[in-house]
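A.B. asks: coordinates for the following, if possible.
(2 chains)
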Amino acid sequence: MTDTERHEYDVLVIGAGGAGLRAAIEAAEHGLRTAIVCKSLFGKAHTVMAEGGCAAAMGNVNENDSWQVHFRDTMRGGKFLNNWRMAELHAKEAPDRVWELETYGALFDRTKDGRISQRHFGGHSYARLAHVGDRTGLELIRTLQQRIVALQQEDYAETGDYEARLRVFAECTVTELLTEGGAIAGALGYWRESGRLLVFSAPAVVLATGGIGKSFQVTSNSWEYTGDGHALALRAGAELIDMEFVQFHPTGMVWPPSVKGILVTEGVRGDGGVLKNADGKRFMFDYVPAVFKGQYAESEEEADRWYADQENNRRTPDLLPRDEVARAINTEVKEGRGSPHGGVYLDIASRMKPEEIKRRLPSMYHQFKELADVDITAEPMEVGPTCHYVMGGIHVDPDTGQSRVPGLFAAGECAGGMHGSNRLGGNSLSDLLVFGRRAGLGAADYVAGLGRRPVVRDAEIDAAAEMTLAPFAPTAPGVASENPYTLHAELQRMMNDLVGIIRTEAEMAAALDRLGELRERLHDVVVEGHRQYNPGWHLALDLRNMLMVSEAVAASALMRTESRGGHTREDHPGLDPQWRHRVLRSRCPRGPGDDAVVPRVVVEPAERVPMREDLLALFDVAELEKYYTTPELAGHPAGHSAGSPQGGTA
Amino acid sequence: MSYTGQFRVWRGDADGGALADFRVEVNEGEVVLDVLHRLQATQAPDLAVRWNCKAGKCGSCSAEINGKPRLLCMTRMSVFEHDEVVTVTPMRTFPVIRDLVTDVSYNYTKAREIPSFTPPAGLAPGEYRMGQADVGRSQEFRKCIECFLCQDTCHVVRDHEENKESFAGPRFLMRIAELEMHPLDVADRVSAAQDEHGLGRCNITKCCTDVCPEGIKITDNALIPMKERVADRRYDPLVWLGRTISRRRD
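C.D. replies: Model (predicted):
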């Protein structure tokens, strides 16, 4: 048997961003021995890069806000594909989760009367985002990190050991989940520092590993975003949903090349910044789609009045949901009205005093000054779309976060359903808090209700260990070895070119072919050096996950023959109501003869659960008709009059 | 606009190591981390570098460039001459793990020793009220990305391993100041700053402020005000008199 370090816990949380930390806090507060495993140092996870804010209908800035309005905005943003129960829980619980952060020590920006200030963002009807300048994610992760430390201090006071009940395994990567009889038993991973393997026995695992952006060349995501949780879940027998929906944030930096993709917060537009093309035209007025007609300003004058008087004016179309803005920028550039480096202009300099820009957007000022030599208080930024977020993820129960694998939970970006086909800005940080807590609670309840704990078997440890060390093995005689960096670069370029913002059937088919080749070549990857802090080895293992997830994305995108949210098909440009009620599920069948390194992913359509009637009744039938088929609206209080002139109910 | 740059990178582990010379392509607009990544991809696949966001937000890629503590991802190649040798070494204050990666666990140990935020009893979530002017001071310190460059440069612990036990370092003395200035924190942190966390060892040379990539005025806004609070409590004659009298009454 493989000689490894062993640890036993009640709950193992994989990932130490907002969702993972919030889940760990909940599990620990329920008295469970909890481990947090993270690839980076504690406090460095991708949550740190969230800028604009955390959406919660607290009503501090506009008292008309409520969970119902937030729910409606979220469903509209996701083009009615969202898991409505998740959207409901999210809208109802987000304010409590934000207020709770203050009890942990968070310091949000304030309103004049001393409450948490809230800012405007795309797709949100009211100023709704709790924020700290443009570094909200840093505040969130630091606050949760410090809450973990506070819990450890309590344990220290009681037991003399900070890690008696809650321990962080930093710079540690899980490569395989271990199961017994289909239920979670533990996990195997390695320490980056030493390369040594370790095995966890734990009946509950919470996946909180974030997204998949590192499979794309132009991305706002950090190196950690290699779809680990998605792939671990697939290999353990769970399903993914909605993988065709990938969000391209409209505003990433486009120059210089080495920083291409780094995020420019939507807060720039929320606070008054506007998009312009090479002719100086505010082009977003030309891109309000039919489903949002009437909800956005139709002239620059009205849009500008809206900042001061929101009762009597409509918001600027610069604040349309992200999918719409990204497509608009893409079109402007393609039609020759872009900026010199292939983006468009984002102008805040002409709309606000320099001191005010520096106060509200200090990170953006700093980022452009340091990396691009651009003073955003004096000149416009050049921006373009960047791969930012995956709406698809592990299929979970909305209330508990449990997947179809007993003991396997997921929360945050690696879980699917909450955001439908497109996530609204600001709904990610609130998602992490709401569903991180729920997954921690779900795991705690599951462990409490267990009769016998599944056991980690030696044979499974050996197999997982062998797979983890495989990249060190030389190739067969006569076979040239592959370089993991080269493979990664090729994958990123291919996904960017073929599975990007605008897609076609031929491109998806080509992408699947290329993925097949890359899968074969991954077998021949050989890493140099030894196991201690070896980035080539780490990348070789991450590539397994990236290839599986990329297949799920490309195969789902090939199947969905419509355009909606983060999935645009040039050959099927319209929204198709017949696709609204269908969900694409990805799973890993693991048959005989299967590729053990990168198992094949299959995608199948299924029906979505229809929305509860009281929630459906929150929308006008006239609006629902833009998305739903007529029979589906039979349950609406005004459903029978669908299509008739009096269809617009209050 | 590309040219061949000359790099000298420290390679080794806890048992020792040496500077290794590289000639490597440099392109317009790149930062030092881009060039190290190119070294990994083309010449040194097992070169250990800690990094994460590559956008100056996470504070992972701290190292010393030409002897100065800096973030690798926020140091543009354009600040160097084309024929200048760029020397990259690991942070000196922390033990080397491998190549440019150091063991920064000292910082996490110190973080645990600072008592956490302590809100007033009975204040319910949602009822917190604070003015922007009052939270602004602590917010400056919460911009900290925990790159630990201030800890690396601080002469109290740089080359003085023996002081680590009794000195929290600028980052965590600033954390105490942040909590002390939090409008709703009720814990008393002044004495512990001096007695347990080594505030008195700081002699305000501002080296920490100089290297802070977030531009936080660590010395002026956090450390000096904390020192003043200690001085007010310990050495103010009126406060001393008042305390002596109340002690006699007890």
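A.B. asks: now do the domain split for the chain, please.
C.D. replies: All of this is about chain A. A:5-247+A:389-448, A:251-385, A:468-607 (automatic domain parsing).
A.B. asks: wrong one, I was asking about chain B
C.D. replies: B:3-102, B:105-237.
A.B. asks: where does the chain dip in pLDDT?
C.D. replies: With no chain named, the answer covers chain A. A:1-2, A:639-650 (pLDDT under 70).
A.B. asks: actually it's chain B I care about, not the one you picked
C.D. replies: B:250.
A.B. asks: ranges for the helices of it?
C.D. replies: Ranges of helices within chain B are B:32-42, B:105-113, B:132-142, B:149-153, B:169-180, B:190-195, B:207-211, B:224-235, B:237-249, based on DSSP state H.
A.B. asks: the stretch 301-450 of chain A now?
C.D. replies: A:322-334, A:354-360, A:362-372, A:427-448 (DSSP state H, counting those that start in this stretch).
A.B. asks: out of these, the one nearest residue A:622 is which?
C.D. replies: Distance to residue A:622, taken as C-beta to C-beta, is lowest for helix A:322-334 among the helices of the stretch 301-450 of chain A, at 20.1 Å. (Each C-beta comes from the backbone N, C-alpha and C, glycine too.)
A.B. asks: and that closest one, which residues are buried?
C.D. replies: Using 16 or more other C-beta atoms under 10 Å in any protein chain shown as the test for burial, helix A:322-334 gives A:322, A:323, A:324, A:325, A:326, A:327, A:328, A:329, A:330, A:332, A:333.
A.B. asks: cool, and stretch A:333-348?
C.D. replies: A:333, A:338, A:339, A:343, A:344, A:345, A:346, A:347, A:348.
A.B. asks: ok, now how distant is the residue most central in space within chain A from chain B?
C.D. replies: Chain A has residue A:413 as the residue nearest its centroid, 3.4 Å off, counting by C-alpha atoms, centre = their mean. Distance of residue A:413 to chain B, given as C-beta to the nearest C-beta, to the nearest Å: 15 Å.
A.B. asks: isn't that residue right next to residue A:428, touching?
C.D. replies: Yes. Applying C-beta atoms under 8 Å, one finds residue A:413 in contact with residue A:428, separated by 6.9 Å.
A.B. asks: the nearest residue to residue A:237 once chain neighbours are set aside: what's it in contact with?
C.D. replies: Nearest-residue entry for residue A:237: residue A:405, 5.1 Å, with adjacent residues in sequence omitted and distances by C-beta to C-beta, 6 or more residues apart in numbering or on different chains. Residue A:405 makes contact with A:179, A:182, A:183, A:184, A:233, A:236, A:237, A:238 under the criterion C-beta atoms under 8 Å, 6 or more residues apart in numbering or on different chains.
A.B. asks: for chain B, give the residue positioned nearest to chain A.
C.D. replies: Nearest residue of chain B to chain A, counting by C-beta to the nearest C-beta: residue B:29, 2.2 Å away.
A.B. asks: what about that residue, neighbour count?
C.D. replies: Using other C-beta atoms under 10 Å in any protein chain shown, the number of residues around residue B:29 comes to 18.
A.B. asks: likewise residue A:615?
C.D. replies: When neighbours are counted by other C-beta under 10 Å, residue A:615 comes out with 16.
A.B. asks: quick one: contacts for the residue nearest to residue B:36 when sequence neighbours are not counted?
C.D. replies: Sequence neighbours aside, residue B:49 is the residue nearest to residue B:36 in space, at 5.3 Å (criterion: C-beta to C-beta, 6+ apart). Contacts for residue B:49 were tallied using C-beta under 8 Å, 6+ apart; they are A:535, B:33, B:36, B:37, B:40, B:61, B:63, B:72, B:99, B:100, B:101.
A.B. asks: what's the nearest residue to whichever residue of the stretch 401-550 of chain A sits closest to chain B if we skip its chain neighbours?
C.D. replies: Residue nearest to chain B within the stretch 401-550 of chain A: residue A:529 (3.1 Å; C-beta to the nearest C-beta). Of all residues not flanking residue A:529 in the chain, residue B:46 sits nearest, at 3.1 Å (C-beta to C-beta, 6+ apart).
A.B. asks: reformat the buried residues of helix A:322-334 as a markdown table; add distance to residue A:437.
C.D. replies: Converted to a markdown table, those look like this (distance: C-beta to C-beta, whole Å):
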| residue | distance to residue A:437 |
| --- | --- |
| A:322 | 26 |
| A:323 | 28 |
| A:324 | 31 |
| A:325 | 31 |
| A:326 | 31 |
| A:327 | 34 |
| A:328 | 36 |
| A:329 | 36 |
| A:330 | 37 |
| A:332 | 41 |
| A:333 | 41 |
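A.B. asks: okay, these in JSON lines with distance to chain B next?
C.D. replies: Below are the buried residues of helix A:322-334 laid out as JSON lines (distance: C-beta to the nearest C-beta, whole Å):
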{"residue": "A:322", "distance to chain B": "19"}
{"residue": "A:323", "distance to chain B": "23"}
{"residue": "A:324", "distance to chain B": "25"}
{"residue": "A:325", "distance to chain B": "21"}
{"residue": "A:326", "distance to chain B": "19"}
{"residue": "A:327", "distance to chain B": "25"}
{"residue": "A:328", "distance to chain B": "25"}
{"residue": "A:329", "distance to chain B": "20"}
{"residue": "A:330", "distance to chain B": "23"}
{"residue": "A:332", "distance to chain B": "23"}
{"residue": "A:333", "distance to chain B": "20"}
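A.B. asks: overlap in contacts, residue A:413 and residue A:428.
C.D. replies: residue A:389.
A.B. asks: ok, now which ones touch residue B:198?
C.D. replies: So residue B:198 contacts B:156, B:163, B:166, B:167, B:168, B:173 (C-beta under 8 Å, 6+ apart).
A.B. asks: now with 7 Å?
C.D. replies: Residues near residue B:198 by C-beta atoms under 7 Å, 6 or more residues apart in numbering or on different chains: B:166, B:167, B:168.
A.B. asks: just the buried members of these?
C.D. replies: B:167, B:168.
A.B. asks: out of the contacts of residue B:49, which is most surrounded?
C.D. replies: Counting by other C-beta under 10 Å, top hit in the contacts of residue B:49: residue B:63 with 30 neighbours.
A.B. asks: show me what contacts it?
C.D. replies: Neighbouring residues of residue B:63 by C-beta under 7 Å, 6+ apart: B:70, B:72, B:88, B:89, B:90, B:91, B:100.
A.B. asks: closest to residue A:167 out of the domains of chain B?
C.D. replies: Of all the domains of chain B, it is domain B:105-237 that lies closest to residue A:167, at 11.8 Å by C-beta to C-beta.
A.B. asks: residues near the closest residue in space to residue A:153 that isn't next to it in sequence, how many?
C.D. replies: Closest residue to residue A:153 apart from its sequence neighbours, by C-beta to C-beta, 6+ apart: residue B:116 at 6.1 Å. By other C-beta under 10 Å, 18 other residues sit near residue B:116.
A.B. asks: quick one: contacts for residue B:116?
C.D. replies: Residues near residue B:116 by C-beta under 7 Å, 6+ apart: A:146, A:149, A:150, A:153.
A.B. asks: change it to 10 Å
C.D. replies: A:104-105, A:146-147, A:149-154, B:179, B:185, B:187 (C-beta atoms under 10 Å, 6 or more residues apart in numbering or on different chains).
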